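# Got a sequence here, can you build the structure:
(one chain, ligands or ions: 1)
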Amino acid sequence: MSNMAVDIAGIRMKNPVMTASGTYGFGREYGEYFDLSLLGGIVVKGLTLKPREGNKPPRIAETPAGILNSVGLQNPGVEYFLENELPFLRKHDVAVIANIAGNTEEEYCAMTEKLGASVDGIELNISCPNVKEGGVAFGTRPESVYRITQRVKACCKVPLIVKLSPNVTDIREIALSAEEGGADALSLINTLLGMAIDIRTRRPILSNIVGGLSGPAVKPVAVRMVWQVAQAVKIPIIGMGGITTWEDAVEFILAGADAVSVGTANFGNPFAPVEIAGGLKAYLEANEIGAIGDIKGKVMI
Ligand code: SIN
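Numbering: from 1, shown residues only. The predicted structure follows:
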């Protein structure tokens with residue numbers, strides 16, 4: 001029997017398959033399809049200090065092998081989450097990670113303090129491309145990544161995962177700044193900034209003009225970035241970006257990921273993360289690999 005369990009900086013998961021923030025709400029819809037305890041971890045929709053309505057529609061556009069979104073962090077706020085959504089998630093044997101986004105460093109810290117040790121980990125979202133203040137503005141310069149990571153880490157009672165943006169020149173520099181700032185783990189990639197135009201109206205399809213591209217279209221970029229970051233840092237990596245099949249997940253782990261997150265694939269196939277976990281286990285057993293960690297970073301260059 002191959003061992004699928006992973007430990008991401010103290011977050012113990014029965015398998016390395018998580019769900020990516022922004023594609024999983026707070027788990028309720030998907031819990032109607034299968035037992036959420038089959039997952040390694042759930043990363044909830046990005047939370048802000050106060051509720052947000054998000055950007056004006058249209059805010060989703062289908063693109064070849066992907067989706068452009070400019071949701072703008074629609075969410076009910078961290079207090080609502082703690083009172084009304086977390087108790088549901090806690091009925092399941094699954095790691096719960098809160099993704100948080102703020103306009104200011106103070107907001108990130110206030111949310112971290114409110115969450116305390118109620119969740120298994122906090123994912124610092126400094127990579128959302130769809131908001132005017134905060135979001136990716138914190139995530140594209142090494143100094144600001146270092147500073148915000150250090151500030152949040154100082155008040156964080158659970159492992160801190162920093163979610164990186166691919167919209168940078170050298171992701172290794174950003175990853176190193178997060179590690180130096182005290183990040184316990186990294187997750188990458190968030191979406192790639194993109195744009196789509198309706199040729200009949202000659203107007204951008206998204207009301208926000210630009211949005212974040214996700215789905216299979218971004219997978220080779222994500223694999224490349226996970227590989228580069230894995231060479232640069234010592235902390236664990238959660239890889240994501242277009243993972244749709246267990247073969248995709250193996251690719252990310254060979255590139256250097258300790259765990260993987262499934263995002264856009266959930267929209268077309270709610271069973272995707274469960275199927276990927278099953279496929280990974282079958283792959284390990286068919287190849288007589290003792291543990292999932294045995295193939296981490298084992299791409300042969
Ligand atoms: C959004 O709500 O705009 C997407 C979140 C993200 O990209 O982090």
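# what's the nearest residue to Gly212 if we skip its chain neighbours?
The spatial neighbour of Gly212 that comes closest, neighbours along the chain excluded (CB to CB, 6 or more residues apart in numbering), is Thr191 at 2.6 Å. For the C-beta atoms, the positions are set from N, CA and C on the backbone; glycine is no exception.
# Test my guess that that neighbour contacts Asn69.
Yes: with contact taken as CB atoms under 8 Å, Thr191 and Asn69 are classed as touching, separated by 7.1 Å.
# Give me the more crowded residue out of the two.
In terms of neighbours (other CB atoms under 10 Å), Thr191 is the more surrounded of Thr191 and Asn69; the figures are 28 against 24.
# In contact with the more buried one, which residues?
Asn69, Pro129, Pro166, Gly211, Gly212, Leu213, Ser214, Val218 (CB atoms under 8 Å, 6 or more residues apart in numbering).
# Look up how far Gln231 lies from Gly212.
Remark: distance between Gly212 and Gln231 (CB to CB, to the nearest Å) = 25 Å.
# overlap in contacts of Thr191 and Asn69?
Looking at what touches both Thr191 and Asn69 (by CB under 8 Å, 6+ apart), the common residues are Gly211, Gly212, Ser214.
# which of those residues come close to the ligand?
Restricting the shared contacts of Thr191 and Asn69 to those touching the ligand (CB under 6 Å from any ligand atom) yields Gly212.
# In helices, which of the shared contacts of Thr191 and Asn69 fall?
Assignment to helices by DSSP state H places none of these there.
# okay if I get the shared contacts of Thr191 and Asn69 as JSON lines plus pLDDT?
Formatted as JSON lines, the entries for these read as follows, by pLDDT from 0 to 100:
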{"residue": "Gly211", "pLDDT": "97"}
{"residue": "Gly212", "pLDDT": "98"}
{"residue": "Ser214", "pLDDT": "98"}
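# so of the contacts of Thr191, which ones are in strands?
By the criterion of DSSP state E, membership of those in strands covers Asn69, Gly211, Gly212, Leu213, Ser214.
# just curious, which of these is nearest to Asn15?
When the ones in strands among the contacts of Thr191 are compared for distance to Asn15 (CB to CB), Ser214 comes out closest, at 22.2 Å.
# any idea how far the closest one lies from Leu86?
When distances are taken as CB to CB, Ser214 and Leu86 turn out to be 25 Å apart.
# Comparing the two, which residue is more hemmed in?
Ser214 (29 against 18).
# Buried ones from the contacts of Thr191, can you make that a ChimeraX selection?
A single ChimeraX command selects the buried members of these (16 or more other CB atoms under 10 Å):
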select :69,129,166,211,212,213,214,218
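# Kindly indicate which of the contacts of Thr191 lies nearest Ala185.
When the contacts of Thr191 are compared against Ala185 (criterion: CB to CB), the nearest one is Pro166, at 17.4 Å.
# Could you pull up phi and psi at that closest one?
Reported as degrees, to the nearest 10, the phi and psi values for Pro166 are phi -80, psi 0.
# what do you get for Glu247?
Dihedral angles of Glu247 (phi, psi; degrees, to the nearest 10) stand at phi -60, psi -40.
# Quick check: closest non-adjacent residue to it.
Take Glu247 and drop its neighbours on the chain: the residue closest to it by CB to CB, 6+ apart is Gly279, 7.5 Å away.
# Now do the buried residues in the helix or strand containing the one you found.
When secondary structure is defined by DSSP states H and E, Gly279 falls within helix 272-286. Applying a neighbour-count criterion of 16+ other CB under 10 Å, the buried positions in helix 272-286 are Ala272, Pro273, Val274, Glu275, Ile276, Ala277, Gly278, Gly279, Leu280, Lys281, Tyr283, Leu284.
# now that helix: how far from the chain's centre is it?
A distance of 20 Å separates the centroid of the chain from that of helix 272-286, by CA atoms, centre = their mean, to the nearest Å.
# Isn't Leu49 up against Met111?
Yes: at 5.5 Å, Leu49 counts as touching Met111 under the criterion of CB under 8 Å.
# okay, Lys132: pLDDT?
At Lys132, the model reports a pLDDT of 79.
# do Leu82 as well
Leu82 is assigned a predicted lDDT (pLDDT) of 98.
# for the ligand, what are the nearby residues on the stretch 1-150 of the chain?
Residues of the stretch 1-150 of the chain lying close to the ligand (CB under 6 Å from any ligand atom) are Gly22, Gly46, Asn69, Val71, Gly72, Leu73, Asn125, Ser127, Cys128, Asn130.
# all strands for the stretch 201-301 of the chain, in order.
If DSSP state E, counting those that start in this stretch is used as the criterion, the strands of the stretch 201-301 of the chain fall at 203-204, 210-214, 237-240, 259-262.
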